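[1] Mind looking at a prediction? Sequence and model below.
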Amino acid sequence: MSFSVEEVRKDFPIFKREINGHSLVYLDNAATTLKPKQVVDVISEHYLMGTSNVHRGIHTLSAQATDAYEEARKTLASYINSPSEKNIVFTTGTTASINLVAQSYATNFLKAGDEIVITELEHHSNIVPWQMACEKNSAILKVVPILEDGSVDFEAFKDIVTSNTKLISMNYVSNSIGVINPVEEVIALAKSVGAKVCIDAA
């Protein structure tokens, strides 16, 4: 099923606004994304008619909120072709997600001499958590350079990733210059040495 741009824009009433005499163009998705009317309506309905925490009570409102929350997890799992909804973890955003991976997975499994690989294209929120994890575990942070056109130097990538590489973390699309990274090739490279991959797909 495909939708035209006009059909999709109807889901976002904010695009009816004009800023300085021009139709709104919104490009700050890395900071926060616009919410379609359907999402705002469901959130509003929850706050107006069903306010309750999930997994925190046995009363009707809590049970309904929990059911809706878990149904959303199943829907998302199906949408991204996850083998199980148990693989879906909701967080407050990309930065929180990267920190969660760094502070749980990486911190618990890294040991001295292990390596994490990032690229020069990363936002600081995909640099600092790995610096901290490496510092805590005496691991090594390696940085893949970029070429003059702003793309990741994939030949350097192949040289930097070794059997000591335990994790590669990189963005899918650069938030600053819009470069689309070759994540499929990077994932294949990581798998060839048994490393895990964290993709910042904000």
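    Received it, and whenever you're ready, just let me know what you need. None of the values given here were measured: they were computed from a predicted structure.
[2] Next secondary structure after the longest helix belonging to the chain?
    The residue-count maximum for a helix in the chain (DSSP state H) belongs to helix 60-79. Where DSSP states H and E defines the elements, the next helix or strand beyond helix 60-79 is helix 94-100.
[3] can you list contacts of that next one?
    Applying CB atoms under 8 Å, 6 or more residues apart in numbering, the contact partners of helix 94-100 are Ala30, Val89, Thr91, Ser125, Asn126, Pro129, Ser169, Cys198, Asp200, Ala201, Ala202. Placement of C-beta: from N, CA and C, glycine included.
[4] go on, stretch 190-202?
    In contact with stretch 190-202 (CB under 8 Å, 6+ apart) are residues 29-30, 93-94, 98, 101, 105, 117, 122-123, 125-126, 161-163, 165-173, 175, 183, 186-187.
[5] Can you tell me which of those residues end up in strands?
    Counting by DSSP state E, these place Val117, Thr165, Lys166, Leu167, Ile168, Ser169, Met170, Asn171 in strands.
[6] List just the nearest of those residues to Arg17.
    The nearest member of those to Arg17, counting by CB to CB, is Asn171 at 29.2 Å.
[7] In contact with that closest one: list those residues for me.
    Counted by CB under 8 Å, 6+ apart, Asn171 has contacts Thr119, Leu121, Glu122, His123, Asn126, Asn181, Ile199, Asp200, Ala201, Ala202.
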